[in-house]
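Colleague: Sharing a sequence plus its predicted fold:
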Amino acid sequence: GENVEQHPSTLSVQEGDSAVIKCTYSDSASNYFPWYKQELGKRPQLIIDIRSNVGEKKDQRIAVTLNKTAKHFSLHITETQPEDSAVYFCAARGYSSASKIIFGSGTRLSIRP
Amino acid sequence: NAGVTQTPKFQVLKTGQSMTLQCAQDMNHNSMYWYRQDPGMGLRLIYYSASEGTTDKGEVPNGYNVSRLNKREFSLRLESAAPSQTSVYFCASSEGTQSRSEQYFGPGTRLTVT
């Protein structure tokens, strides 16, 4: 079945440095790849998403890249700030808008002052 | 707009008891989902409903049943609770179209089975 693998499980970076989180997916028909941020004790919230017809998307300090051939996508956060500390989840959805959305296992990002 | 609401917020059950988790959305979304999140782990899909009148199994459906009562409401039922079902349960909804796929999550239900 569909599977999404996410690495690393924990990541600690100095404030101001960049952070990169990587995911791979198994279903080659997947065409929608969202990233969610979950702060402690709160619900996940979408921060950025990308579709399979686009290789890269950027929103201020956050960017996502997609390599369909290799079936992997990455989240890049530049100029990290303390409020970036959270758990980040990648996800992938199959071809149809009615397909299930499967999440990766999450990355706990800590920003060191 | 309340978005996605879930009841109850907390629940403690004894092994073998049954209960239903309620979820409702007021965004006129087509698709609704139930996930469970165990400590330090990701979100695992239990069941989802792509549109009113349809339901499908996710990654971990065993021990659960769902009902898409109408377009607004999607309930999750535990018929005979087990300690392994101790988790935080999140309901989510999305417009469910190719162009608008963002999921909106409810606040979660923290369930403990003793």
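Modeller: Nice, thanks for sending it over.

Colleague: which residues touch the residue in chain A positioned nearest to chain B?
Modeller: Relative to chain B, the nearest point of chain A is residue A:98 (3.6 Å; C-beta to the nearest C-beta). All C-beta spots, glycine's among them, are computed from the backbone N, C-alpha and C. Taking C-beta atoms under 8 Å, 6 or more residues apart in numbering or on different chains, we find residue A:98 in contact with B:31, B:50-51, B:54, B:96.

Colleague: Let me see the contact set for the residue of chain B found nearest chain A.
Modeller: In chain B, no residue comes nearer to chain A than residue B:50, which is 3.6 Å away by C-beta to the nearest C-beta. By C-beta under 8 Å, 6+ apart, residue B:50 lies in contact with A:97-99, B:30-31, B:56, B:96.

Colleague: same thing but at 10 Å, please
Modeller: A:96-100, B:30-33, B:56, B:68, B:94, B:96 (C-beta atoms under 10 Å, 6 or more residues apart in numbering or on different chains).

Colleague: Point out the least confident one among those.
Modeller: Minimum pLDDT for the contacts of residue B:50 is recorded at residue A:97 (66).

Colleague: Could you say which helix or strand holds the residue most central in space within chain B?
Modeller: For chain B, the residue nearest the mean C-alpha position is residue B:34 (2.8 Å; C-alpha atoms, centre = their mean). Secondary structure from DSSP states H and E places residue B:34 in strand B:31-37.

Colleague: What strands flank that strand, and is each parallel or antiparallel?
Modeller: strand B:43-49 (antiparallel), strand B:87-94 (antiparallel) (DSSP bridges).
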